[in-house]
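Colleague: return a 3D structure for these sequence lines:
(one chain, ligands or ions: 1)
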Amino acid sequence: MKKRIRLHQVRVGMYVEELEGAVLSLPHLGPVASPFDVDLMMNSHAISVVINTQKGLDVDSDHNEVQLDLIDFESTLASKFSGRQIWHAQEAIQDARRSVSDVLVEARLRGALYLDAADKAVERIMLAAMTNAGAMIAVAKLKKKDEGTFLHSLAVSALMVTFGRNLGLSEEAVRVLGLGGLIHDLGKMMLPIALLRKPGKLTVEEMDLIRTHPERGYEMAKRIAGMPRPVLDICLYHHEKFDGTGYPHRLAGSAIPHVARIAAICDVYDALTSVRPYKRAWSQAEAIETMMRSTGHFDPDLMKAFVSKMVINGTIH
Ligand SMILES: [Fe+2]
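Modeller: Just a heads-up that it's a prediction; the model follows:
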């Protein structure tokens, strides 16, 4: 029987029929005879691997169930982007990782925001989004438990940069959007990790605590000299809703800064379409349909622009 597995699940004793989305084409598909063969496959940067379980070993069945959705997603990725595009996207994320971690981890440990590190990360994201936005945003959707906040921040930043450019904003305005996307959830770094990772339903008290994150992030970012006002607006107002039912200030319509209305769309889009080990990701169509239907949440003009300039034209998948 043929079975699609993830690259890191390849073991000695398996029989490999296909490497999907590989940058390097390997001449020696077939039995995985040694750890050296495993290494070679890892270096192919394939997204997924097809094994034949009649000719070689199978994977742990435990792994199988949990990973099914992820594997589905990865094979879809491989069908939409070339191996090279995916590889470049992975490189860009790796490059940005150190700077983004510096920003978010230091914020948690020391209550300080390092603008230099954030600027560096935004620079990298802007560069990658110039040529490879779709692949980067798609690859960042694969969120493991411990990488959730990091990859979500990076994906929202990339979405905002790309959306800003497609709206015809200046590169300076786009940079501000990128920085805002990166630190929009900074205030969550002040909350207990156990709360952020709690599976299942939150209590009313826990929800109230989570809802303090826009103000906490704003207070922290405001202490940094030279922090652009729109970045502060993104931190503070990205959970406001167009009809005035959001938080923390229940602002409505154009009283919500334009940049925060952009952030709200990108934030929710990434959250809905992300693949998590414990929940099924929504397809792009499902996410967009739900967002279009949730009247009152988003700025309707911006939502229409998001659909026409980002979705219909294939900028994001
Ligand atoms: Fe948030």
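Colleague: does residue 13 sit in a helix, a strand or a coil?
Modeller: coil (DSSP: H, G, I helix; E, B strand; the rest coil).
Colleague: how close does it get to residue 44?
Modeller: Distance from residue 13 to residue 44, counting by CB to CB, to the nearest Å: 19 Å. Any C-beta I mention is one placed from the backbone N, CA and C, and that applies to glycine too.
Colleague: which of those two has more neighbours?
Modeller: Neighbours were counted for residue 13 and for residue 44 using other CB atoms under 10 Å; residue 44 has more, 19 against 11.
Colleague: can you confirm that one is in a strand?
Modeller: No - the assignment for residue 44 by three-state DSSP gives coil, which leaves it out of any strand.
Colleague: isn't it up against residue 19?
Modeller: Yes - counting by CB atoms under 8 Å, residue 44 touches residue 19, with 5.3 Å between them.
Colleague: next one, pLDDT for the closest residue to residue 275 other than its chain neighbours please.
Modeller: Leaving aside its chain neighbours, residue 275 sits nearest to residue 281 (4.2 Å; criterion: CB to CB, 6 or more residues apart in numbering). Listed pLDDT for residue 281 reads 72.
Colleague: what of residue 227?
Modeller: 90.
Colleague: and it, how many neighbours does it have?
Modeller: 19.
Colleague: still on that earlier bit, these two touch, right, the residue nearest to residue 275 and residue 273?
Modeller: Yes - here residue 281 lies in contact with residue 273, judged by CB under 8 Å, at a distance of 5.7 Å.
Colleague: how close does residue 202 sit to residue 241?
Modeller: 19 Å.
Colleague: those two: which is more packed in?
Modeller: Legend: neighbour count by other CB under 10 Å for residue 202 and residue 241, higher for residue 241 (19 against 12).
Colleague: secondary structure class of that one, three-state.
Modeller: Quick answer, by three-state DSSP: residue 241 is coil.
Colleague: in space, what's closest to it - neighbours in sequence excluded?
Modeller: Residue 241 sits nearest to residue 297 (CB to CB, 6+ apart), 4.9 Å away.
Colleague: so who does the one you found touch?
Modeller: 241-243, 246, 264, 268, 291 (CB atoms under 8 Å, 6 or more residues apart in numbering).
Colleague: who wins for neighbours among the residues you listed?
Modeller: In terms of neighbours by other CB under 10 Å, the contacts of residue 297 top out with residue 264 at 26 neighbours.
Colleague: relative to residue 302, how far out is the residue nearest to it when sequence neighbours are not counted?
Modeller: Closest residue in space to residue 264, ignoring its immediate chain neighbours: residue 238 at 5.5 Å, by CB to CB, 6+ apart. Here the criterion is CB to CB. By it, residue 238 lies 13 Å from residue 302.
Colleague: show me which helix runs longest in this structure.
Modeller: Across the chain, the helix with the greatest residue count (assigned by DSSP state H) is helix 83-110.
Colleague: after that helix comes which helix or strand?
Modeller: helix 115-139 (DSSP states H and E).
Colleague: list the buried residues in that next one.
Modeller: 115, 117-122, 124-126, 128-129, 132-139 (16 or more other CB atoms under 10 Å).
Colleague: what does stretch 219-234 give?
Modeller: Using 16+ other CB under 10 Å as the test for burial, stretch 219-234 gives 219-221, 227-228, 230-234.
Colleague: what separates the first and last residues of stretch 7-14, distance-wise?
Modeller: 12 Å (CA to CA, to the nearest Å).
Colleague: show the average pLDDT along that stretch.
Modeller: For stretch 7-14, the mean per-residue pLDDT is 80.
Colleague: kindly report the same for stretch 188-206.
Modeller: pLDDT averaged over stretch 188-206 gives 82.
Colleague: now the angle from whichever strand or helix holds residue 148 to helix 83-110?
Modeller: Using DSSP H and E, the element containing residue 148 is helix 148-166. Angle of helix 148-166 versus helix 83-110, following axes from the mean of the first three to the mean of the last three CA atoms, to 10 degrees, is 120 degrees.
Colleague: could you say what helices and strands helix 148-166 packs with?
Modeller: helix 83-110, helix 115-139, helix 171-183, helix 258-273, helix 300-306 (3 or more CB pairs under 8 Å, 6 or more residues apart in numbering; DSSP states H and E).
Colleague: JSON lines for the ones you listed, including distance to residue 214 and mean pLDDT?
Modeller: JSON lines is the format used below for those (distance: least, CB to CB, whole Å; pLDDT from 0 to 100):
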{"stretch": "helix 83-110", "distance to residue 214": "15", "mean pLDDT": "82"}
{"stretch": "helix 115-139", "distance to residue 214": "18", "mean pLDDT": "87"}
{"stretch": "helix 171-183", "distance to residue 214": "11", "mean pLDDT": "95"}
{"stretch": "helix 258-273", "distance to residue 214": "9", "mean pLDDT": "94"}
{"stretch": "helix 300-306", "distance to residue 214": "19", "mean pLDDT": "97"}
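Colleague: appreciated, that's everything.
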